[in-house]
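Undergrad: Model the following, please.
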Amino acid sequence: PLLEQVDDPFAHPEPHRVLARRTALIADELGLDVDRVRAWTVARHVEYVLWSVDEDDDLSGSVRMMR
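TA: Below is the predicted model:
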């Protein structure tokens, strides 16, 4: 969630670049390895999507998140 609080990174022309920059900033501030922060972020999103699939009657939001 912290990576997406400022605005929607996927609304930018190059979302991967925006996410990479934000991830690097967070890792630097926390004194963590950027790959570890990235892996945690991916794991957290997978968990959220799986929860969404289980809880939502309409799967369109879950499909959008997976993309």
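
Undergrad: CA atoms for contacts and neighbours, from now on please.
TA: Fine.

Undergrad: Which parts of the protein are helices?
TA: Taking DSSP state H as the criterion, the chain carries its helices at 15-30, 34-55, 60-66.

Undergrad: Now render those helices as JSON lines, adding mean pLDDT.
TA: Shown next, in JSON lines, are the helices of the chain (pLDDT from 0 to 100):
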{"stretch": "helix 15-30", "mean pLDDT": "93"}
{"stretch": "helix 34-55", "mean pLDDT": "87"}
{"stretch": "helix 60-66", "mean pLDDT": "72"}
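
Undergrad: want to try TSV for these, with distance to P9 as columns?
TA: Below are the helices of the chain laid out as TSV (distance: least, CA to CA, whole Å):
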stretch	distance to P9
helix 15-30	5
helix 34-55	14
helix 60-66	13
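
Undergrad: Need those in JSON lines (columns: mean neighbour count and distance to V6).
TA: Below are the helices of the chain laid out as JSON lines (neighbours: other CA atoms under 10 Å; distance: least, CA to CA, whole Å):
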{"stretch": "helix 15-30", "mean neighbour count": "14", "distance to V6": "10"}
{"stretch": "helix 34-55", "mean neighbour count": "14", "distance to V6": "16"}
{"stretch": "helix 60-66", "mean neighbour count": "13", "distance to V6": "18"}
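
Undergrad: right, so of the ones you listed, which gets closest to D8?
TA: D8 lies closest, by CA to CA, to one member of the helices of the chain: helix 15-30, at 8.8 Å.

Undergrad: Just the CA coordinates for the closest one, please, in PDB.
TA: This file holds the C-alpha atoms of helix 15-30, laid out as PDB (Å, rounded to 0.1, in the frame of the first residue of the first chain):
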ATOM      1  CA  PRO A  15       4.600   2.200 -14.200                       C
ATOM      2  CA  HIS A  16       7.600  -0.100 -13.700                       C
ATOM      3  CA  ARG A  17      10.000   2.800 -13.600                       C
ATOM      4  CA  VAL A  18       7.700   4.600 -11.000                       C
ATOM      5  CA  LEU A  19       7.500   1.500  -8.900                       C
ATOM      6  CA  ALA A  20      11.200   0.800  -9.100                       C
ATOM      7  CA  ARG A  21      12.000   4.300  -7.900                       C
ATOM      8  CA  ARG A  22       9.500   4.200  -5.000                       C
ATOM      9  CA  THR A  23      10.700   0.700  -4.000                       C
ATOM     10  CA  ALA A  24      14.300   2.000  -3.900                       C
ATOM     11  CA  LEU A  25      13.300   5.000  -1.800                       C
ATOM     12  CA  ILE A  26      11.500   2.900   0.700                       C
ATOM     13  CA  ALA A  27      14.300   0.300   0.900                       C
ATOM     14  CA  ASP A  28      16.900   3.100   1.400                       C
ATOM     15  CA  GLU A  29      14.800   4.700   4.200                       C
ATOM     16  CA  LEU A  30      14.300   1.400   6.000                       C
END
